[in-house]
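Enquirer: got a predicted model here, sequence first, then my questions.
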Amino acid sequence: MSVFGIGLAYGIATLVIMFSGMPIAFALGAVAVVFMGIYMPTASLDTVTQNVYEEMASITLLSIPLFILKGAAIGKSRAGQDLYSALHAWLHRVPGGLGVANVFACALFAAMAGSSPATCSAIGSAGIPEMRKRGYSGGFAAGIIAAGGTLGILLPPSITMILFAVAAEKSLGRLFLAGIGPGLLLVSLFGFYAVYRFRREYAAAEAIYKNGGPEAPILARDEYTLAERFSVLPRVIPFVLLLTGVMIALYGGYATPSETAGLGGLLALALIAAIYSVWRPSDLAPIMKSTIRESTMLMMIIGMSLLYSYVMSYLHISQSVAESIVAMHLPRWELLFAILVMVVVLGFFLPPVSIILMTAPIILPPLRAANFDIIWFGVVMTIVMEMGLIHPPVGLNIFVIRNVAPDIPLREVIWGTLPFVLLMMFAVLLLCFVPGISTWLPDLVMGPDGSR
């Protein structure tokens, strides 16, 4: 059979087995093993475990379970709710300050935990009830938390970026730094939209009240004394210092990414023990179980995805697709557009981890040939994958919100996230016209990157 026929069969088999409901890791592994048995030497089946081990034997991947431990330690404590409360106390005078506080809380928590679902769950469990109590519509409240949670795969330490750095063989520190500027851009866009949407809902409620209708909760104003504002800081500042210290250790060259992840995990455990008295074995058990469960799931997906990519490469599927793309001689921006559309479509069905590991062997060679900065593309691709977290049919964050706030209809949640998807599209366009948004910080801290 020709390479085209094998590649077509490979893709169809993957789609069929995934739609059967089989977990992603086992689906990818099963397809890879079946095609190894059919098209590769029989002896190759004896080396499956060795191939998976060798593909995963990366010191960079060691940081993943350690960052997950840090995120679980923070996520299983009251740190998220305290962070949200502190920001609300200081931003309550801003129109829509409660919504803006939730955006900032999501950004800070995402930077500490590195996980989008954990951010949605931790901040949403406190933020959504408070916004609903103060008259925010269900879709607005859900959209803020769902979109804010996506920042978990853009702001460092991002597990998604760790995997992209491994797949692209690029500096993890440079990639982390490149995500900070676009991350702050998205935080600003989300915050401005929160103010705009609040003003609209406030004006509508005010018009009803002036016409003799009931006074809506959104018209009420919270007041905090200066003493109350400062009283909420002691529990928050240590975690902000933890984030700052970890970033200094990483970017100052004092520790490798894996050492930094281990340091962050241990300090997070120490902080929740000191601040929230979470130190007994019964208290730590949920944290350890969550860490082991999520780490095992991710590492299984990573291992099977790498085996899947290895088989694609051995059968020359990925090389042939890449050569076909290059042979089309598309202008560089049309090439980028086609690749990003493919990532969006894959985002309907697959999580970011699988998208990166499955597509990297195919899309990176043409992008290098077109002289795109791969670090910059990693940031753009991450934002595009963020959209997949809040758009149907998969939309992982949408379902997390449904668990946190089951009283909000799914239709409202989806409509509430759509404006944020449009804002992400705008951010991608802005990065295409002004790439310096993502490249200035790594160039400033680590010097210009000569490779592309």
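Expert: That came through, no problem.
Enquirer: when you work out contacts or count neighbours from here on, use the C-alpha atoms and nothing else.
Expert: Noted.
Enquirer: gap between residue 419 and residue 146?
Expert: 12 Å (C-alpha to C-alpha, to the nearest Å).
Enquirer: these two: which is more packed in?
Expert: A direct count of neighbours by other C-alpha atoms under 10 Å for residue 419 and residue 146 places residue 146 higher, at 35 against 17.
Enquirer: next secondary structure element downstream of the helix ranked longest in the chain?
Expert: The longest helix of the chain (DSSP state H) is helix 172-210. Using DSSP states H and E, the helix or strand that follows helix 172-210 in sequence is helix 226-231.
Enquirer: which residues sit against that next one?
Expert: The contact list for helix 226-231 (C-alpha atoms under 8 Å, 6 or more residues apart in numbering) reads 86, 89, 90.
Enquirer: circling back to that earlier point, next, the buried residues of the longest helix of the chain.
Expert: For helix 172-210, the neighbour count (16 or more other C-alpha atoms under 10 Å) marks 172-187, 189-191, 193-195, 197-198, 201-202, 205-206 as buried.
Enquirer: so what secondary structure elements neighbour that helix?
Expert: Applying 3 or more C-alpha pairs under 8 Å, 6 or more residues apart in numbering; DSSP states H and E, we find helix 172-210 packed against helix 97-113, helix 138-149, helix 159-168, helix 374-390, helix 410-433, helix 436-446.
Enquirer: among those helices, which comes closest to residue 307?
Expert: Within those, the stretch nearest residue 307 is helix 159-168; the backing value is 12.8 Å (C-alpha to C-alpha).
Enquirer: any idea how far residue 308 is from the residue nearest the centre of the chain?
Expert: In the chain, the C-alpha nearest the mean C-alpha coordinate belongs to residue 153, at 2.2 Å (C-alpha atoms, centre = their mean). Distance, residue 153 to residue 308, by C-alpha to C-alpha: 23 Å.
Enquirer: what pLDDT, on average, does stretch 181-200 get?
Expert: Averaged over stretch 181-200, pLDDT sits at 92.
Enquirer: give me the residues contacting it.
Expert: Stretch 181-200 has contacts (C-alpha under 8 Å, 6+ apart) with 95-97, 99-100, 103-104, 107, 136, 140, 144, 148, 151, 154-155, 379, 420, 423-424, 427, 431, 437-438, 441.
Enquirer: equivalent analysis for stretch 69-88, please.
Expert: So stretch 69-88 is in contact with 97-98, 101-102, 104-105, 109, 112-115, 118-119, 122-123, 125-127, 229, 232-233, 235-236, 239, 261, 264-266, 268-269, 272, 276, 278, 286-288, 290-291, going by C-alpha under 8 Å, 6+ apart.
Enquirer: at 7 Å what do you get?
Expert: 97-98, 101-102, 105, 109, 112-114, 118, 122-123, 126, 232-233, 235-236, 264-265, 268-269, 272, 287, 290-291 (C-alpha atoms under 7 Å, 6 or more residues apart in numbering).
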